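J.: could you look at this predicted model? Sequence included:
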Amino acid sequence: MSITYRAANIDDLHTVTELSVIMCSGDYCGEHEEDELLAFNKRDLLNPEMAMFIAFDGGEALGFAHVGLRHNWYFGAREDGTVGYLEAIFVCEGYRKRGVAQALLAMCEDWSRERGCVEFASDCDLENEGSLAFHLSTGFEETHRIIFFAKEL
């Protein structure tokens, strides 16, 4: 296994969208159509306050991470100002628990530091035990739990 990593650019739009579709087909995010994910990814790849990083095994994309700058308050913030925020991270099943996600996370953290961030944050659904375990194993501390409610009027 010879895994390489690099920053994504607009030429990688379809690659990150394919990975996003796989991610969203499981229990990892809400339901999104492929064309919706394509539009989101295009917008974010062109946004200088966001970045994506891709992991490859040979020519095969096996995971990606999406990071952005957040200027607004979020639950558990310890610092005022801009923070790096892990928007998404996904590694295909056959490559999990091999350090791929940690390497992608490190790239996101470095990108955030280069932009002056002194804090890095993320979130996951309460039911996503795999994501919770990943976050805790990579140095994140849980800062807040929340349940959203809605009702029809």
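T.: Yes, it's here.
J.: for the residue most central in space within the chain, helix, strand, or coil?
T.: Nearest residue to the geometric centre of the chain (C-alpha atoms, centre = their mean): residue 88, 1.8 Å. Taking DSSP: H, G, I helix; E, B strand; the rest coil as the rule, one finds residue 88 in the strand state.
J.: what about the closest residue to it other than its chain neighbours, how many neighbours?
T.: Take residue 88 and drop its neighbours on the chain: the residue closest to it by C-beta to C-beta, 6 or more residues apart in numbering is residue 66, 4.2 Å away. C-betas here are computed from N, CA, C, even on glycine. Number of residues near residue 66 (other C-beta atoms under 10 Å) recorded here: 25.
J.: same thing with residue 99?
T.: 13.
J.: ok, residue 81 next?
T.: 11.
J.: so it is in which element?
T.: Assigned by DSSP states H and E, residue 81 falls within no helix or strand.
J.: list the residues that contact it.
T.: 71, 118 (C-beta atoms under 8 Å, 6 or more residues apart in numbering).
J.: what do you get for residue 135?
T.: 122, 124, 142.
J.: find the nearest non-adjacent residue to the first one, please.
T.: Going back to what we said before, that points to residue 122. residue 86 (3.8 Å).
J.: again with residue 113
T.: residue 84 (7.6 Å).
J.: that neighbour contacts residue 110, doesn't it?
T.: No. Contact criterion C-beta atoms under 8 Å: residue 84 and residue 110 do not qualify, at 9.4 Å.
J.: comparing these two, which residue is more hemmed in?
T.: Per other C-beta under 10 Å, whichever of residue 84 and residue 110 has more neighbours is residue 84, with 25 against 13.
J.: that one and residue 66, how far apart?
T.: 11 Å (C-beta to C-beta, to the nearest Å).
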